[in-house]
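Trainee: Sharing a model prediction with you, sequence too.
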Amino acid sequence: MSTRTVDWAAGRPEGLRERKKRLMRQQLSDTATEMFVERGFDAVRVAEIAEACGVSEKTVFNYFPTKESLVLDRWDTTMTALRTGLADPVVPPVQAALRILADELGAMTSWLDTQADRPDAITKFQRFGALLQSTPALRAHQHDMTDQLVGVAAEILADRAGMNAEAPEPRIAATALLGLWDVQFRSLRRHLDHTRTPARIRKAVTADVQRAARLIESGLSSFG
């Protein structure tokens, strides 16, 4: 497996077959991301990514339904974590979201801490962020994925409260919760530089996310 990018799904229990699939998925995403950053999203064909990984184009689409999902693969892990975390009736929704965000931030900063050339790794992350912001297709895909996550979160929150998922309360609650991911992404871009250690980056980003969470916690604590 390449260590060029964070493996968001690593660490979960898995058999040999699942591990091989995860590593192939990670290789495809790593290779695609590197090619997109170097040449631009629109300039790279899926067939080129397949050739670089020694697989067929069909194999790529077996793992990733769209070209955009190759570079935004972490949303699948977030979706799984949301389904599990928000479904626990004992855990308040904001706390469940904060746990997931902390795990994702921890995966990123832990990966960064293992890199021999940390400045180069930080530069790659910065270029990756710039790629997302400058590519309309990726921005649109990210917006679509956020909508899907909001829909899933709204369904779970509505079920917890005995309400219809289309009711105003679960929908706005889910939208507020998913807004914390945008806060973390923006905070990470702001604090990720060559002067801070991974531990300091994690501390600064966590503080920003918790500030945002406190703003919505009082309203969400009364929901349901």
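Mentor: Here it is on my side, so go on.
Trainee: just checking, what packs against the longest helix along the chain?
Mentor: Ranked by residue count, the top helix of the chain under DSSP state H comes out as helix 136-161. Counting contacts by 3 or more Cβ pairs under 8 Å, 6 or more residues apart in numbering; DSSP states H and E, helix 136-161 is packed against helix 67-71, helix 74-87, helix 118-134, helix 168-191. Every C-beta, even on glycine, is put in place using the N, C-alpha and C of the backbone.
Trainee: Show me which of those has the highest average neighbour count.
Mentor: Most buried of the helices and strands packed on helix 136-161, by mean neighbour count (mean count of other Cβ atoms under 10 Å): helix 67-71, with a mean of 21.
Trainee: pLDDT of it, averaged?
Mentor: Average pLDDT, helix 67-71: 92.
Trainee: other SSEs contacting it?
Mentor: Helix 67-71 sits against helix 16-39, helix 46-53, helix 136-161, with contacts defined as 3+ Cβ pairs under 8 Å, 6+ apart.
Trainee: For Arg17, which of the helices and strands packed on helix 136-161 is the nearest?
Mentor: Closest approach to Arg17 among these (Cβ to Cβ): helix 74-87, 17.7 Å.
Trainee: which phi and psi does Arg196 have?
Mentor: phi -110, psi 140 (degrees, to the nearest 10).
Trainee: Buried residues in stretch 202-211, which are they?
Mentor: For stretch 202-211, the buried set under the neighbour-count rule, 16 or more other Cβ atoms under 10 Å, comprises Arg202, Val205, Thr206, Asp208, Val209, Gln210.
Trainee: Quick check: the gap between Ala47 and Asp73.
Mentor: Distance, Ala47 to Asp73, using Cβ to Cβ, to the nearest Å: 19 Å.
Trainee: quick one, which of those two is more surrounded?
Mentor: Shown here are Ala47 and Asp73; by other Cβ atoms under 10 Å, Asp73 has more neighbours (22 against 11).
Trainee: can I assume the more buried one is in contact with Phe64?
Mentor: Yes: between Asp73 and Phe64 a contact is recorded at 7.0 Å, counting by Cβ atoms under 8 Å.
Trainee: between those two, what contacts are shared?
Mentor: Contact criterion Cβ atoms under 8 Å, 6 or more residues apart in numbering; residues shared by Asp73 and Phe64: Arg25, Ser29.
Trainee: Columns distance to Gln27 on top of the helices and strands packed on helix 136-161, output as TSV?
Mentor: Shown next, in TSV, are the helices and strands packed on helix 136-161 (distance: least, Cβ to Cβ, whole Å):
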stretch	distance to Gln27
helix 67-71	11
helix 74-87	15
helix 118-134	16
helix 168-191	24
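Trainee: Can you get me the start-to-end distance on stretch 39-51?
Mentor: One end of stretch 39-51 sits 16 Å from the other (Cα to Cα, to the nearest Å).
Trainee: centroid residue for the protein?
Mentor: When Cα atoms, centre = their mean is applied to the chain, the residue found nearest the centroid is Arg74 (4.0 Å).
Trainee: do you know how far it is from Gln184?
Mentor: From Arg74 over to Gln184 (counting by Cβ to Cβ), the distance is 12 Å.
Trainee: what is in contact with those two at once?
Mentor: Common neighbours of Arg74 and Gln184 (Cβ under 8 Å, 6+ apart) are Glu104.
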